[in-house]
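Peer 1: test case, fold it:
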Amino acid sequence: MTRGTTRATSADDDRGGSRQRVDEFENKINKIKDGDGLWKTVKQGTKGSLPDSYLHRYAREVGFAKGAADNRDIEGSAAVASAMRRLDSDTSDLVGNRIKSQADFECWAMKRGQGTEYATFLEGLQQCFDSEGNEKRDSENAEYPKLTFVPPSAAAVTTWLYYLRDIRKLAHDTISGTLAGLSSVNGQYAGSSIDRSTLRDLLNSWDAHDTITGRKKQAPAFDMRFDLPKIYRAVFTIKKYTALARVTMWVTILVMISIMGRGSCMSDYSPLIEEVEYPSESGGYDTDGFPKYLYIPWRNWKGRKRAVGEKYFLVVHRNYTDPRFCPVFWMLKMFTMRKECGQPLTGKLFPYADSKSLRSKLKKIFIHAGMKEFSSHSFRRTAAQWAAQCGADWRTIVDVGRWSDFNEARKYIGQGRSDHKRLIAENDGKDPIGHVWFFRTFVKGSDGCEYIRI
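Peer 2: Numbering: from 1, shown residues only. Next up is the predicted model:
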């Protein structure tokens, strides 16, 4: 299937041509759902088509045996259909990546593991479809005997990882992501994910090797003192942005730095405007009437496992040193501009469709700023190092950045502490970051009462 997007049409558009394109797109979606074979089953890399897997196809159209119950994967089928409606973001879609990981593994297992239990299981699934991926039935109402899901063995998975590393020359991060997709599929159908603890030493050794040899590509951190002004100028001079879009993007960047956020925090998991809270205490306002800080609640983020859906308030403070880099000022300005444009103060605080869309916009801004080597994740890495440079302790950084543990966070903050010591020594005991923006924030408990002061 050719990748493409649809858009809303206006009165000035050629409605006939637009309607025809929409109809063609919807017809393709319906054919996919009807099992027309537009997905090329386990044929990776086929130009003009999307990969499918025998396992996912069988689960959608037949359903695996589970005692006497029919566990036809209705929910999974709906998720896949939804993913197919977002073809422009399929490469970053969670469901799409799971399908690709499974299809890749099936290709390898059927070629390299003939005679094994898992390959035999896949061959049984394959018998349900012809060479073009079309469903085979002896008669219109024929029913297939339901097969029982068979998980891959630990030996098969380990051998596959070595194949990805030694034959396909993939880096650790790519292998780890592919394994995560395969593990999720296993958990969906077998009830338990692949035990990756037995593979941890192997993956860690590849991770260390890629880091030492420079093969591991990490988003670099930028210098807050010199590069943040460049980004500011880029946001407000880049072409084809409305005034409100510029301010919204700048608010997004400043808040992303304040909370050490990922692109997904500012898009897929964006807080709601109506849930932003102002200080309730009188001491929370300055003499000019501006609040000293704002509470911004996140109900979820990538990797959150506890209290999902409960508000986790992160607090952004005024920057009294340089108003260009003050998230409170710019957020209030954004609210004012939204009202002037007739837009409601409801809905997503950061109005980006998904993380892929936001990453693309930020990449263009970096290029416009002459910083093409940086990416959206550079904000998270820079913010963690900036907090360490400003003297924040590791517990504070872990809480604000929402890392699962210190070992993960220290990969981000180590350079910041060394920069802090060096700059103080070079500037008569003062860190020049204080002339730009000094890290200061705190988080608020989900019950809205208890505070962790940092």
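Peer 1: now the helices for the stretch 201-350 of the chain?
Peer 2: 224-235, 243-259, 327-340 (DSSP state H, counting those that start in this stretch).
Peer 1: buried residues of the first one, list them for me.
Peer 2: Within helix 224-235, the residues that count as buried by 16 or more other Cβ atoms under 10 Å are 224-225, 227-228, 230-232, 234-235. The way it works is simple: take the backbone N, C-alpha and C, and place the C-beta from them, glycine included.
Peer 1: returning to what we had before: of the helices of the stretch 201-350 of the chain, which is nearest Asp405?
Peer 2: helix 243-259 (18.3 Å; Cβ to Cβ).
Peer 1: now the angle from the closest one to helix 224-235?
Peer 2: 160 degrees (axes from the mean of the first three to the mean of the last three Cα atoms, to 10 degrees).
Peer 1: and helix 243-259, average pLDDT?
Peer 2: Helix 243-259 shows a mean pLDDT of 96.
Peer 1: phi and psi next, for Val276.
Peer 2: The phi/psi pair for Val276 (degrees, to the nearest 10) reads phi -70, psi 130.
Peer 1: thinking again about what came up before, now pLDDT and distance to Tyr352 too, for the buried residues of helix 224-235, in TSV please.
Peer 2: Below are the buried residues of helix 224-235 laid out as TSV (pLDDT from 0 to 100; distance: Cβ to Cβ, whole Å):
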residue	pLDDT	distance to Tyr352
Met224	85	23
Arg225	85	28
Asp227	91	22
Leu228	93	21
Lys230	95	22
Ile231	96	17
Tyr232	97	19
Ala234	97	17
Val235	97	14
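Peer 1: max pairwise distance over these: which two?
Peer 2: Arg225 and Val235 (17.6 Å).
Peer 1: what packs against the helix or strand containing Gly187?
Peer 2: In this structure, Gly187 is located in helix 172-190 according to DSSP states H and E. Judged by 3 or more Cβ pairs under 8 Å, 6 or more residues apart in numbering; DSSP states H and E, the packing partners of helix 172-190 are helix 54-61, helix 94-112, helix 154-162, helix 200-213.
Peer 1: quick one: closest of those to Asp173.
Peer 2: Of those, nearest to Asp173 by Cβ to Cβ is helix 200-213, at 7.6 Å.
Peer 1: mind listing the strands for the stretch 301-450 of the chain?
Peer 2: 312-317, 442-444 (DSSP state E, counting those that start in this stretch).
Peer 1: going by mean pLDDT, which of those comes out lowest?
Peer 2: With a mean of 47, strand 442-444 has the lowest mean pLDDT of these.
Peer 1: per-residue pLDDT, the nearest residue to Thr198 once chain neighbours are set aside?
Peer 2: The shortest distance from Thr198 to any non-neighbouring residue, by Cβ to Cβ, 6 or more residues apart in numbering, is to Ala154 (6.5 Å). On pLDDT, Ala154 comes in at 86.
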